[in-house]
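S.K.: build me a structure from this.
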Amino acid sequence: MPRWARGWPEALKARAARYALQRWLGPFLEEPLRLEQLGLDLRGGTGTLRELRLRAAAVDELLAGAGAPLELREGGVGAVTVTVPWAALGTEPVRLRLSGLRLVLRP
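M.R.: This next block holds a predicted model:
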């Protein structure tokens with residue numbers, strides 16, 4: 001965990017994490033993140049978001065940019081786990097793991 005966050009109350013850490021995740025993932029989500037969706041272990045460098053609905057227009061832009069002749073009708077993710085390597089931040093990658101990915105696509 002970074003030194004600057006060590007003295008923060010857990011509720012404040014959760015709100016700060018939600019803010020950062022909303023900023024990075026928000027454009028791809030149908031609804032704003034809720035604290036109830038967030039599980040945190042900042043000391044271990046992990047956070048998990050559960051039951052996310054994907055915003056079709058944002059996914060469609062990615063598909064079009066990749067040249068895929070598909071559109072998203074609806075989609076969701078059961079869980080997104082973010083792992084931050086605090087001890088090696090800047091030299092090791094931040095990792096995202098998706099589980100329970102559901103996509104309904106059409107040509």
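
S.K.: now do the buried residues in the helix ranked longest in the chain.
M.R.: Longest helix in the chain, counting residues (DSSP state H): helix 10-25. Buried residues in helix 10-25, counted by 16 or more other CB atoms under 10 Å: 13-14, 17-18, 21-22, 25. No exception for glycine: its C-beta is placed from N, CA and C like everyone else's.

S.K.: and stretch 84-100, by the same measure?
M.R.: Using 16+ other CB under 10 Å as the test for burial, stretch 84-100 gives Val84.

S.K.: can you list the low-confidence ranges for this protein?
M.R.: Residues of the chain meeting the criterion pLDDT under 70: 1-8.

S.K.: now do the contacts for the residue of it lying at maximal distance from its centre.
M.R.: Here the chain reaches farthest from its C-alpha mean at Pro107, the gap being 26.7 Å by CA atoms, centre = their mean. Contacts for Pro107 (CB atoms under 8 Å, 6 or more residues apart in numbering) come out as 69-71.

S.K.: parallel or antiparallel, list what pairs with the following helix or strand past the longest helix of the chain.
M.R.: Proceeding N to C from helix 10-25, the next assigned helix or strand is strand 38-41, under DSSP states H and E. Strand pairing for strand 38-41, determined by DSSP bridges: strand 46-53 (antiparallel).

S.K.: the partner strand to helix 10-25, inter-axis angle?
M.R.: In terms of direction (axes from the mean of the first three to the mean of the last three CA atoms, to 10 degrees), strand 46-53 departs from helix 10-25 by 60 degrees.

S.K.: contacts for strand 46-53?
M.R.: 17, 21, 25, 29-31, 33, 37-41, 74-84.

S.K.: which positions in it come out as buried?
M.R.: 47-50, 52.

S.K.: need the residues you listed in CSV (columns: distance to Ala64).
M.R.: Shown next, in CSV, are the buried residues of strand 46-53 (distance: CB to CB, whole Å):
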residue, distance to Ala64
Gly47, 30
Thr48, 30
Leu49, 25
Arg50, 29
Leu52, 22
